[in-house]
Structure formats: structure tokens, C-alpha cells
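S.K.: Below are the sequence and a predicted model for it; my questions follow.
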Amino acid sequence: MPDFKTELADYLEHYPNTEYIDTLLPDINGFIRGKRIPASGFKKLEKGCYLPCSVFSLDITGVTIEEAGLGMTIGEPDRICVPVPGTLAPSAADPEKIAQVLLTMQEEDGSGFPYEPRNVLTNIVQRFKTLGYKPVVALELEFYLIDPKRTSEGKIQPPVGFVTGVRETMSQVYSVDGLVDFAGFLDDVNQLAKAQGVPADSAVAEAAPGQFEINLKHGEDAVAACDHAIMLKRLIRELAGRYNYEATFMAKPYEEQPGNGLHIHVSLQDDAGGNVFANADGEDSKLLQHAIAGSIEMMPETVALLSPNINSYRRLVPDMYVPLHASWGHNNRTVSLRIPASGKADRRIEHRLAGADANPYLTLAAVLAGMLYGIENKLTPPEEALPGEGNDYPLLPHRPAEALSRLAEGELLSEYISQQYIDLYTLCKREELYQLNFLTTV
């Protein structure tokens, strides 16, 4: 991978009219923080730029949680943030004049800042590497396009079709015809994703009016897979405005419709590039069984990371394509861990619990932590759930305070994500609940 100086020179050769670079640093909630750098500052960006470390202790409204200890109590210090190689790309806001680049925060000694979610994930991926395994990851993002104009009651509503001029009231899941009205928007998403190096794959009309799913192709760099998810969400929001839509990744925008999920597919490669989740005869391997078992056992502790907001828990209702129990099964979309119909080369686990509002880095960190726990301890999973039997398995936390307690008091996840980070995350999210009167004390 070329250094940023070389990458910038190549970029400006292709986009000579570039006037600004937006620097992007995803916070604890997956929201973008950063700066807009004018052309006069491009050269300085080669060495990075400074941002306060308190960006990783912001609540959902962007207010610093001082009790987390990263703000005024330690002098609101800055840390150097350096460009992530390979992420300099045209921005959806104005591809000819505005570029964007992801940042990652570092300590003074050059190590990753421990409270940055991207670095939390990097640490877990490194632990797989020491065992001789590489996670191969694909993310699937669901979202709604909605009309910027609200109903007379002030509620959101499905969009008016760009081609037909008709407002959607029904949707046919997987309908190709259902994509026609939004073909221009989806084509723009695909074209800009290519320009940004985001490996977007198929677009699917989902089970509700204006709901779509865009899949990212599987890749051998788990951290980059989450970088791509962050970039995809940003470009979808930007491009939606061009068509007089709004895009939302809220977990549950409509009470009566299915929510938005973030589904994560994971397989493991060995040093030779083989998929270790399948045996030579194509059957499930012991390693796959261990990974399932660890994920099932650790899952209750991870719910608060996969469902980070009050709205997230409105998605956790029966018969809405959301698993409510710690269960697993083959070719079965009613369970938390689905083993899709697959062959030897693509045997994988699909983790179906997270909402689209979850931070991709923290979500994947939690998913991989469960698998690693099972592999390291050679755990055996419970019996596979058959269709209609998923409800016989342990019920997962389905209220935010309960989920945060399971996270804070758990003893499994803290072996993979530091207790210091868990404490910071729990504190920030409990403060949000307190401010919204869901808790009487933090």
C-alpha cells in the first residue's frame, strides 16, 4: 500500500480540481467526526491532523460524557490522527471538488488509541492472526428511503417513486420490479462505491415500502470491511438527497414494519488460504462448531454493542426477521447464528442480531470475540435449532438497561475487549438512558 504522499499525488492527478479533503473519524456511535481540509493544508495532512480524544466519549447527540475521563477532566487533549491507507476517494457531496479520507487515532508512541472502535477491532483480528487464522468478512446493510416531507401527524412516510411519481405503500420482498423506481439512485450508489473502492454487491428490495439491503462483497481484511460499511452508509445518505429522499439506518423507523439489520458473514482462512469452517468432505468442521458455541455463550454480553440505542430495542420483537434467542441452525433465518446453504469453499456463519444503527467496528469485534472464545476453549454448541424451535433457547436481553448490565458485569467479553473500553462504553450509554429518563441514576 503506497504512503499517503504518493496516494495523494495519484489522486490529484485523476481529480485535479479537488479543493477540499474531508477527514473522517468514526466515533463510538459510528458517526463521522473530523475536519474539512482546504488545498493549502493537503501537504500537512501527510503527517496527520489533530482531533480531541473526547470524540470517543460522545453520546448519541454529540455531547461529551465528561465522566468517561477523556474530556475536560484531563484537559481535553488532542491526539494525532493519520490517514488510513487506501481510503482517499471522491466524496459523494461533490466528487470533482471534494475528497474524503478515513483517519485513525494514535497514541504518542504511534500505537492505536485504545478507545477508538477501529482499534478495538484491530486488536481482536490480531489475536486470530497469532493462531494462524484470518477472518473473511462480508457485511449486509439494510436501510429505508423516506420522504423528507412528513405526514400531517408529523410521522415519516415512504418515498414517492422517482420514475412513477407514486408513493410506495406495499413492497414485494426480492422483487426486481420494486427496484425500478429507484434504479437511478441505486446505480449512483454503485458507481460512487466503485470510485471509493467500496466493494458493493447486489441490491435487494426488502420486506417493507422503501426498504433496501446492499451487500458488501466478502474480503480478507476484516477492519477494511467495516471501513467500507462506514463509507457506504455515508454515500447512501449523501446520494439520497439528490433524489429528494432521506436515508435512515435506524433500527426501527416504523413500528408496523420490519427493522433495519446489519448482518455479518464470517468464515476463517488458514495460512494456506483454505476455509477451516468445512472439512475435506464438505461437512461442518470442529472449528466451526467451536466458533458457534463460543458465540452462543458470549452473546448475552454483546447485545448492548449490537443494539446501542433506545430505538434498537424496538426492533427486537417477534415475527419481524429478528432473532430474540441465542440459537443457531443451518439455512434458517429465525436463529441468531445462521449457517447459510453453502459448499466447502464458502462455509460461514451469518450473525443476524445487530441493527443497522450499530457501530460496524464494535459489532464485528463482538462477533469475532465470541468465535475466538469458542475456538480457544474448544467449546461444544447446544443442539441445532430447527425451524420454529428457536424460541426454545435462552432469551437474550431485550431492554437497554438489562443489556448494559450484562455487558458491564460479564466475564467473557472482557477477555477480548478490554474492561476499560467496556466501562467507557457502558458509562456513555447509561448516561444516555439517564438523560432520556430510562434510568434514575447512572
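M.R.: Structure received. Numbering: from 1, shown residues only.
S.K.: Now name the helix or strand holding the residue nearest to residue 118 when sequence neighbours are not counted.
M.R.: Sequence neighbours aside, residue 361 is the residue nearest to residue 118 in space, at 5.0 Å (criterion: C-beta to C-beta, 6 or more residues apart in numbering). C-beta: built from backbone N, CA, C; applies to glycine. Element membership of residue 361 [criterion: DSSP states H and E] is helix 360-377.
S.K.: got it, and residue 79?
M.R.: Counting by DSSP H and E, residue 79 is part of strand 78-83.
S.K.: So what touches that strand?
M.R.: By C-beta atoms under 8 Å, 6 or more residues apart in numbering, the residues outside strand 78-83 that reach it are 4, 7, 23, 25, 45, 47-53, 101-108, 113.
S.K.: Now the helix holding residue 361: buried residues?
M.R.: Within helix 360-377, the residues scored as buried using 16 or more other C-beta atoms under 10 Å are 360-375.
S.K.: ok, now stretch 106-126?
M.R.: 106, 113-122, 124-125.
S.K.: hmm, who's touching it?
M.R.: With C-beta under 8 Å, 6+ apart, stretch 106-126 has contacts from 25-28, 30, 48, 53, 56-57, 70, 79-82, 104-105, 135, 222-223, 226-227, 359, 361-362, 364-365, 368-369, 372, 416-418, 420-421, 424.
S.K.: circling back to that earlier point, can you name every helix or strand that the helix holding residue 361 contacts?
M.R.: The criterion is 3 or more C-beta pairs under 8 Å, 6 or more residues apart in numbering; DSSP states H and E, and the helices and strands that helix 360-377 contacts are helix 117-130, strand 134-146, helix 222-242, strand 262-269, helix 286-306.
S.K.: ok, the spatially most central residue of the chain - contacts?
M.R.: By C-alpha atoms, centre = their mean, the chain has its centre lying nearest to residue 360, at 2.1 Å. Going by C-beta under 8 Å, 6+ apart, residue 360 touches 30, 139, 225, 226, 229, 230, 262.
S.K.: Quick check: the farthest pair among those?
M.R.: Using C-beta to C-beta, the two most remote members of the contacts of residue 360 are 30 and 225, lying 13.9 Å apart.
S.K.: where do the helices sit along this protein?
M.R.: Along the chain, counting by DSSP state H, helices occupy 4-14, 42-45, 117-130, 177-180, 183-195, 222-242, 286-306, 360-377, 400-409, 419-435.
S.K.: and residue 66, how many neighbours?
M.R.: If you count neighbours by other C-beta atoms under 10 Å, residue 66 ends up with 14.
S.K.: Hmm, residue 76 and it touching each other?
M.R.: No: if you go by C-beta atoms under 8 Å, residue 66 and residue 76 don't touch, sitting 9.9 Å apart.
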